[in-house]
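[1] what follows is a protein structure lacking sequence information:
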Ligand code: APR
C-alpha cells in the first residue's frame, strides 16, 4: 500500500463551523493570541485561558466532522494513512481516521501545568468534565491545564510526524496557512519523488521550492477533486 500523510490545519474544520485563526474574523482577531495561547498569558491570567479552552471544548460537543474529514478517513481503504494535524479538535478521529498525530495538543485532554508533556499527567476528559476550574489538580498536584501546545513551547510530536512525512509517497496539505513552525517546515522532509497536493480556497504561500499540485477549493470539494485525481494517476 502507498503511504499518505495528510497535513491539516484550521481550514479542515471550517466547514464544521469551527473558526480558523488568521482569516478575517478568525479566532486571533477575537482573542489576543498572547493572552490565550502562550505560557506567559497563562501565568498572567490562568482563569481567562482556562475559560477560553473550556469554551472551545464545549463547542466540540456541538459540531460534527464534515465531508472533508470523512473523505480523508476513507483514504484508509486504499492507502496507509497518517493524519498530522495542527488542529486540537477531535473531528478527524470522529470521522473514522485511525492514525492521527496532533502537533498542537488536544482539546479533550488536560495535563499538569508543571510537567505538561509527562505522559503520566495527560488525561482524556469525559464530556461531563469539559469545564475545568482553577483549583482542579493534575496527578502531580499542580493546577490542571489544557493539553495544548502554546506559542513558545516545544512540539514533542514533530519528530514522529517528520518521520512519517519522510516515508510518504503522497502528502496532502489541507486548510493551513503554513504560517506556524515547526509544522510548516514538515514538508522539507519529503522525498524528492513524493507527490504534494495542497487544498485551500485561498492562495497559500508554500515555503519551499517544490512542485505542489494546488486545488484552490474548500476541504470537502477539494478532497472530492483530489480523489478523482488519485484514481486517474
Ligand atoms: N477549506 C479548507 N481550507 C480553508 C477553508 C475551507 N473551507 N476555509 C478557510 N481555509 C483556509 C484558509 O484559507 C487558511 O489558509 O484555512 C487556513 C487557515 O489558516 P490559519 O487560520 O492560519 O490556521 P492554521 O494554519 O491551522 O494555524 C496554525 O496556528 O495559532 C495557531 O496553533 C494554532 O494550529 C494553529 C496554528
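    Perfect, thanks for sending it. Everything numeric here is computed off the predicted structure, so don't read it as measured data.

[2] please pull out the lowest mean pLDDT helix or strand from the protein.
    Lowest by mean pLDDT, DSSP states H and E among the helices and strands of the chain is helix 27-30, with a mean of 86.

[3] got a list of contacts for that one?
    Helix 27-30 has contacts (C-beta atoms under 8 Å, 6 or more residues apart in numbering) with 19, 20, 21, 22. Quick note: C-beta positions are derived from backbone N, CA and C, even for glycine.

[4] out of those residues, which are close to the ligand?
    Counting by C-beta under 6 Å from any ligand atom, 20, 21, 22 from the contacts of helix 27-30 sit close to the ligand.

[5] so which bits of the chain are right by the ligand?
    Near the ligand, when you scan the chain using C-beta under 6 Å from any ligand atom, you find 9-11, 14-15, 20-23, 26, 86, 104, 174-177, 179-180, 200-202, 204, 218-219.

[6] what pLDDT does the nearest residue to residue 206 once chain neighbours are set aside get?
    Closest residue to residue 206 apart from its sequence neighbours, by C-beta to C-beta, 6 or more residues apart in numbering: residue 212 at 5.3 Å. You'll see residue 212 listed with a pLDDT of 96.

[7] which residues sit in contact with residue 212?
    So residue 212 contacts 173, 196, 197, 198, 206 (C-beta under 8 Å, 6+ apart).

[8] 7 Å instead?
    When contacts are counted by C-beta atoms under 7 Å, 6 or more residues apart in numbering, residue 212 is found next to 196, 198, 206.

[9] same thing with residue 63?
    Neighbouring residues of residue 63 by C-beta under 7 Å, 6+ apart: 16, 17, 18.

[10] is it possible to get JSON lines of those residues that adds neighbour count and distance to residue 45?
    Below are the contacts of residue 63 laid out as JSON lines (neighbours: other C-beta atoms under 10 Å; distance: C-beta to C-beta, whole Å):
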{"residue": "16", "neighbour count": "21", "distance to residue 45": "29"}
{"residue": "17", "neighbour count": "11", "distance to residue 45": "27"}
{"residue": "18", "neighbour count": "21", "distance to residue 45": "24"}
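
[11] make a markdown table out of these and add secondary structure and pLDDT.
    Output for the contacts of residue 63, formatted as a markdown table (DSSP: H, G, I helix; E, B strand; the rest coil; pLDDT from 0 to 100):
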| residue | secondary structure | pLDDT |
| --- | --- | --- |
| 16 | helix | 98 |
| 17 | coil | 96 |
| 18 | coil | 96 |
